[in-house]
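Q: Just the structure for this:
(one chain, ligands or ions: 2)
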Amino acid sequence: MTSYLLRGVSVLGADPADLLIRDGVVSSGAAGDAEVIDAAGLVALPGLVDLHTHLREPGREDAETVETGSRSAALGGYTAVFAMANTSPVADTAGVVEQVWRLGKEAGLVDVQPIGAVTVGLAGRQLAELGAMASSAANVRIFSDDGHCVADPRLMRRALEYVKAFDGIIAQHAEEPRLTEGAQMHEGEVSTRLGLTGWPAVAEEAIIARDVLLAEHVGSRLHVCHVSTAGSVEVLRQAKARGVRVTAEVTPHHLLLTDELAASYDPVYKVNPPLRTASDVEALRAALIEGVIDIVATDHAPHATEDKECEWAYARPGMVGLETALPVVLSVLGDRWDLIAERMSRTPARIAGLTGHGTDLSVGQPANLTLVDPSARRVVDPSELASKSRNTPYAGTTLPGRIVATFLRGEPTVLDGKAVK
Ligand SMILES: NC(=O)N[C@@H](CC(=O)O)C(=O)O
Ligand SMILES: [Zn+2]
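A: Ligands and ions are numbered 1, 2, ... in the order given. Prediction:
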């Protein structure tokens, strides 16, 4: 196994020093025959951890596979991703989650941790085999019907009760379906102007309010996917102040983009939950800094060209995000490296109970890390993405930061900005 010496690297913005990677861990002592990487001007972060990735395998391998999604993740600085269950077949049995987990191991580019469905077929009618998925080789601890809301309150209560036994988490896609029927974008001034049916903020907020009460009642753990409104932030703030066991994520696109973009009628901007207003963006940024929102998660949602390059009404919602997440967050938070490490690596690893990731880069710790050039600027070119899909909302946009290298347990998955396999 090759050793690496990162010469003159700045760990989380600290003064430049050498960092030795040997036998899969951060090491000390003589560099010996280690391969030297000139890391002057580069910043080392613990490898990023994404709690919300859609890898599309099994079922839509034309849009993404576990392997192409893993490569996209590594290029984005990630060392672990959690794969959502809305595949085909749905990841609602031990068999399917084990398949995804095994495909992740075979690709060997990031640790792929499957998320199990809450309900059979994501249909919201009966609980899936949560226990069988938890005790499978994939060791599932997070369950979600993402793409769909667990709208039935009794089912949501039962799910929270069930996973409490093994300290599992229900991750909710918060959308009251009766309030979003036919919705095409955020309900507000822009939707009125464009004549498109809106998804009101309250459709998200009402479910979060209900679910924090259910989680409080049961004493179980709730995670809220892709929080998108200022009102949701207030519900979460109050719940956390009462000690409810709730965590929440925000996506890079909800931190940067607004509903005004829908006026282009370009379906690349169609996503669930929809892009909201500038004041929502402001509230989400403040909540992320404050910690009311715990983490950034990509909601990487690759879609085939025919599902995106069509009329707005027929296009599937979702955006790819793994390769642009860190640059977008850098553009929002600036070089607050410790905060970035907290929100994109340590806290997601802690929420998921994922050991070996999100650790500090001290001697003896697993060498899961990413090297970033913060002074680089990159114009996003969809044709250069490693993802199989091209649906990025940032085509032609200049973003700060370039991911130069990523290491998974001491082995490079990305070097010189290129995937090694
Ligand atoms: N975010 C999206 O717009 N789409 C996701 C589902 C989801 O995360 O809700 C997808 O699977 O395509
Ligand atoms: Zn969702």
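
Q: Tell me how many other residues crowd whichever residue of the stretch 251-400 of the chain sits closest to ligand 2.
A: Of all residues in the stretch 251-400 of the chain, residue 272 sits closest to ligand 2, at 5.6 Å by C-beta to the ion. All C-beta spots, glycine's among them, are computed from the backbone N, C-alpha and C. Residue 272 has 20 neighbours, counted by other C-beta atoms under 10 Å.

Q: Surely it and residue 318 touch.
A: Yes. Using C-beta atoms under 8 Å as the test, residue 272 is close enough to residue 318 to be in contact (7.2 Å).

Q: gap between the spatially most central residue of the chain and residue 171?
A: Computing the C-alpha centroid of the chain and ranking residues by C-alpha atoms, centre = their mean puts residue 297 first, at 2.7 Å. For residue 297, the distance to residue 171 (C-beta to C-beta, to the nearest Å) stands at 9 Å.

Q: Same question for residue 341.
A: Distance check for residue 341 against residue 171: by C-beta to C-beta, it reads 22 Å.

Q: dump the residue contacts of residue 188.
A: By C-beta atoms under 8 Å, 6 or more residues apart in numbering, the contact list for residue 188 reads 198, 259, 276-277.

Q: What of residue 288?
A: Per C-beta under 8 Å, 6+ apart, neighbours of residue 288: 250, 255, 296, 333, 343.

Q: next one: residue 403
A: Going by C-beta under 8 Å, 6+ apart, residue 403 touches 75-77, 326, 370-372, 414, 417.

Q: Specify which member of the contacts of residue 188 is nearest to residue 204.
A: Residue 204 has its nearest neighbour among the contacts of residue 188 in residue 276, at 9.4 Å by C-beta to C-beta.

Q: circling back: between residue 341 and residue 171, point out the one with more neighbours.
A: Comparing residue 341 with residue 171 by other C-beta under 10 Å, the one with more neighbours is residue 171, at 28 against 23.

Q: Can you tell me how far the spatially closest residue to that one that is not a sequence neighbour is from residue 238?
A: Nearest non-adjacent residue to residue 171, counting by C-beta to C-beta, 6 or more residues apart in numbering: residue 144, 3.8 Å away. Separation of residue 144 from residue 238 (C-beta to C-beta) stands at 23 Å.

Q: Settle it for me: which of those two has more neighbours?
A: A count of neighbours by other C-beta under 10 Å puts residue 144 above the other of residue 144 and residue 238, at 27 against 13.

Q: so the more buried one sits right up against residue 118, yeah?
A: Yes. Using C-beta under 8 Å, residue 144 is in contact with residue 118, at 6.3 Å.

Q: Overlap of the contact sets of the two?
A: Common contacts of residue 144 and residue 118, defined by C-beta under 8 Å, 6+ apart, comprise residue 170.

Q: okay, stretch 352-370 in CSV with CA atoms only?
A: What follows is stretch 352-370, C-alpha atoms only, in CSV (Å, rounded to 0.1, in the frame of the first residue of the first chain):
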residue,chain,number,x,y,z
ALA,A,352,-25.8,8.2,11.1
GLY,A,353,-23.5,6.5,13.7
LEU,A,354,-21.0,6.0,10.9
THR,A,355,-17.6,5.2,12.5
GLY,A,356,-14.3,6.1,10.8
HIS,A,357,-15.7,9.1,8.9
GLY,A,358,-15.9,12.7,10.1
THR,A,359,-13.0,12.2,12.5
ASP,A,360,-10.3,14.8,12.9
LEU,A,361,-7.1,14.3,11.0
SER,A,362,-4.9,13.5,13.9
VAL,A,363,-2.4,10.6,14.1
GLY,A,364,-4.0,7.2,14.1
GLN,A,365,-7.3,8.3,12.6
PRO,A,366,-8.5,6.7,9.4
ALA,A,367,-7.3,8.6,6.4
ASN,A,368,-10.7,9.6,5.0
LEU,A,369,-10.1,13.1,3.7
THR,A,370,-10.3,15.5,0.8
